[in-house]
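Enquirer: fold the following and give me the result.
(chains A, B, C and D)
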There are 2 protein chains.
Amino acid sequence: MKVKLHSALRTLATVTSQPNRQPKPPAAPRAPRRDALRNDAIVIDAARAVFAELGPQASMESIATRAGLGVGTIYRRFPGKDALLDAVARLLTEEIDQAAAAALEDPDPGAGLERFLEFVGAFNAEKRRYASALAARLADDDTVSTRTADRVLRLTRKAVDAGYLARDVTAEDIKALIVAMRGLVAAAPDGEDAPWRRFLRIHLAGLRAD
Amino acid sequence: MKVKLHSALRTLATVTSQPNRQPKPPAAPRAPRRDALRNDAIVIDAARAVFAELGPQASMESIATRAGLGVGTIYRRFPGKDALLDAVARLLTEEIDQAAAAALEDPDPGAGLERFLEFVGAFNAEKRRYASALAARLADDDTVSTRTADRVLRLTRKAVDAGYLARDVTAEDIKALIVAMRGLVAAAPDGEDAPWRRFLRIHLAGLRAD
DNA sequence: TCCAAATCGGAATCTGCATTCACTTTAACA
DNA sequence: TGTTAAAGTGAATGCAGATTCCGATTTGGA
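Expert: Presented below is the predicted three-dimensional model:
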């Protein structure tokens, strides 16, 4: 809605200004600067690193420093911290989605599901400081997460059909397992890592035996 | 260490001041005021309520308002927000400890364990907004949590001995389950409640079959 | 009922960010 | 190489919430 209104106005403006075009040559959209393009990636990388270290409440200042840039530069393209967090979230979701896609390829549904869950566990363990925060801001209507949810659904069905999981197990059960593992990992004290592998094995046994 | 030094100084001061006691009648420790005593409880109650509603980042202002008191009053006996959170944490831990004690009484170890876990699940679901924050600040050397940890250990052993749980299941596994359930419940969107009962049932199946 | 210590209240102060802005630097294009 | 729009900077600003302070109230005790 907002976007449409926006472009409508722009069009209108163009048309309106047509009569008196004098002060400046129409428009020579200059090519985007190299450093600008480069910094875009640098900022997201820095954000990932800093969030992983300090959690989602890390200051914009710290991210800017890590990126070797001024805070203002970050604000030039990300409206605010939320946008930055969203960008990182989308990026990481993509990684998980690919893991799900790969798991679906596995000829053995059970092995595929296990592999996927191991990946998610390790992934969250690595990003335990802010994984929950990111997951929380992923809207259900987000393109990537919808796609991933669909993959998990198919993965689950295949595993059930293959007899790897009990009949009444649904994708919701798998999602709950993922969320719970994330919680387990996030609660681990700084030094040691949570026993999420064992936890996963045990829960899978429950899902098989149900 | 700090405490010891403190009391040592106090003792020293007392002794030192003994020689010249003149300006004021020794000491007439007045009885604590009624309102002060009453407010102590009022503050903690308000804190519980507000934290449950807004999470641990609720402002001191909001807690004071809810208690019908000024912020200053809260600071009179709680050094700061942390102390308030600690106080609430200790209070709630007590409740869980009692549930653990009750579960140990159950003649059927398996039923006792199940009952305890159901209690913990419901308990965390009710306090999902701040349960994690509280758990995180419970020091391992805390008296209550040590006691509870011990109860969980015994509860687990009894269940294993009774054949309800697989041989290799340890108290660590039960603790992990509790933490994971908390994570599951905490992640649930505002309206609906997480399917922690089903999750618990499935995991228990895994712990039995292992 | 009166006095003074113990409390209360809540405005004022202090802090730690997020976000903005006026100014400087850089790179694209002629 | 000169011109200029696009980018970059980081100090200044705004704000929200924790903590402090001190005059106004209460309550225990004589």
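Enquirer: now for the longest helix seen in chain A, which elements pack on it?
Expert: Assignment by DSSP state H gives helix A:81-105 as the longest helix of chain A. Judged by 3 or more C-beta pairs under 8 Å, 6 or more residues apart in numbering or on different chains; DSSP states H and E, helix A:81-105 is in contact with helix A:34-54, helix A:60-67, helix A:109-126, helix A:131-136, helix A:143-161. (Each C-beta comes from the backbone N, C-alpha and C, glycine too.)
Enquirer: hmm, try it at 7 Å
Expert: helix A:34-54, helix A:109-126, helix A:131-136, helix A:143-161 (3 or more C-beta pairs under 7 Å, 6 or more residues apart in numbering or on different chains; DSSP states H and E).
Enquirer: what's the closest non-adjacent residue to A:Arg77?
Expert: Distance criterion C-beta to C-beta, 6 or more residues apart in numbering or on different chains; nearest residue to A:Arg77, sequence neighbours excluded, is A:Asp40 at 6.5 Å.
Enquirer: just to revisit the earlier point, is DNA strand C within reach of the longest helix of chain A?
Expert: Yes - for helix A:81-105 and DNA strand C, the contact criterion (C-beta under 7 Å from any atom of the strand) is met by A:81-82.
Enquirer: picking that back up, out of the helices and strands packed on helix A:81-105, flag the one nearest DNA strand D.
Expert: Across the helices and strands packed on helix A:81-105, the minimum distance to DNA strand D, taken as C-beta to the nearest atom of the strand, is reached by helix A:34-54, at 3.7 Å.
Enquirer: please work out the average pLDDT along the closest one.
Expert: In this model, helix A:34-54 has an average pLDDT of 96.
Enquirer: burial check on A:Asp82, number of neighbours?
Expert: By other C-beta atoms under 10 Å in any protein chain shown, 10 other residues sit near A:Asp82.
Enquirer: just the buried positions in the longest helix of chain A, please.
Expert: A:81, A:84-90, A:92-93, A:96-97, A:99-100, A:103-104 (16 or more other C-beta atoms under 10 Å in any protein chain shown).
Enquirer: that one and DNA strand D in contact?
Expert: No - residues of helix A:81-105 are not located near DNA strand D by C-beta under 7 Å from any atom of the strand, the shortest gap being 12.2 Å.
Enquirer: what mean pLDDT does that helix have?
Expert: Here the average pLDDT along helix A:81-105 is 96.
Enquirer: quick one: that helix to chain centroid distance?
Expert: 3 Å (C-alpha atoms, centre = their mean, to the nearest Å).
Enquirer: ok, and what's touching that helix?
Expert: Helix A:81-105 is contacted from outside by A:44, A:47-48, A:51, A:56, A:60, A:78, A:112-113, A:115-116, A:119-120, A:123, A:134, A:137-138, A:144-145, A:147-148, A:151-152, A:154-155, using C-beta atoms under 7 Å, 6 or more residues apart in numbering or on different chains.
Enquirer: over to stretch A:195-210?
Expert: Counting by C-beta under 7 Å, 6+ apart, A:114, A:117, A:121, A:125, A:164-166, A:168-169, A:173, A:177, A:181, A:184-185, B:172-173, B:176, B:180, B:202-203, B:205-207, B:209-210 sit against stretch A:195-210.
Enquirer: so which of the residues you listed reach DNA strand D?
Expert: Of the contacts of stretch A:195-210, not one also sits near DNA strand D (C-beta under 7 Å from any atom of the strand).
Enquirer: inside helices: which ones of those residues?
Expert: Reading helices off the contacts of stretch A:195-210 with DSSP H, I get A:114, A:117, A:121, A:125, A:173, A:177, A:181, A:184-185, B:172-173, B:176, B:180, B:202-203, B:205-207, B:209.
Enquirer: where does the residue of chain A found nearest chain B land on pLDDT?
Expert: Residue nearest to chain B within chain A: A:Gly183 (1.0 Å; C-beta to the nearest C-beta). At A:Gly183, the model reports a pLDDT of 97.
Enquirer: can you count the residues close to A:Ala186?
Expert: 24.
Enquirer: picking up where we left off before, what's the PyMOL line that selects buried ones from the contacts of stretch A:195-210?
Expert: This is the PyMOL syntax for the buried subset of the contacts of stretch A:195-210, where burial follows 16+ other C-beta under 10 Å:
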select buried, (chain A and resi 114+117+121+125+164+165+166+169+173+177+181+184+185) or (chain B and resi 173+176+180+202+203+205+206+207+210)
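Enquirer: poorly predicted segments of chain A, please.
Expert: Along chain A, the parts satisfying pLDDT under 70 run over A:1-28, A:141.
Enquirer: 80 instead?
Expert: A:1-29, A:139-142, A:210 (pLDDT under 80).
Enquirer: how does it divide into domains?
Expert: When chain A is parsed with the TED database, its domains come out as A:33-79, A:88-207.
Enquirer: hey, which of those is tucked in deepest?
Expert: Per residue and on average, the most neighbours among these fall to domain A:88-207, with a mean of 18 (mean count of other C-beta atoms under 10 Å in any protein chain shown).
Enquirer: ok now that one, how far from the chain's centre?
Expert: 13 Å.
Enquirer: kindly report the same for stretch A:32-45.
Expert: Put simply, stretch A:32-45 sits 20 Å off its chain's centre (C-alpha atoms, centre = their mean).
Enquirer: can you give the contact residues for that stretch?
Expert: A:67, A:69, A:73-74, A:77, A:87-88, A:91.
Enquirer: for these, which one is nearest B:Ala31?
Expert: A:Val88 (58.3 Å; C-beta to C-beta).
Enquirer: gap between whatever residue of chain A ends up closest to DNA strand D and A:Asp35?
Expert: Closest contact between chain A and DNA strand D, by C-beta to the nearest atom of the strand, is at A:Gly72 (1.8 Å). Between A:Gly72 and A:Asp35 the computed distance is 14 Å (C-beta to C-beta, to the nearest Å).
Enquirer: same question, A:Leu85
Expert: 24 Å.
Enquirer: rewinding a little: close to DNA strand C, is the host helix or strand of the residue of chain A closest to DNA strand D?
Expert: Assigned by DSSP states H and E, A:Gly72 belongs to helix A:71-77. Yes - looking at helix A:71-77 against DNA strand C by C-beta under 7 Å from any atom of the strand, the contacts come from A:71-72, A:75.
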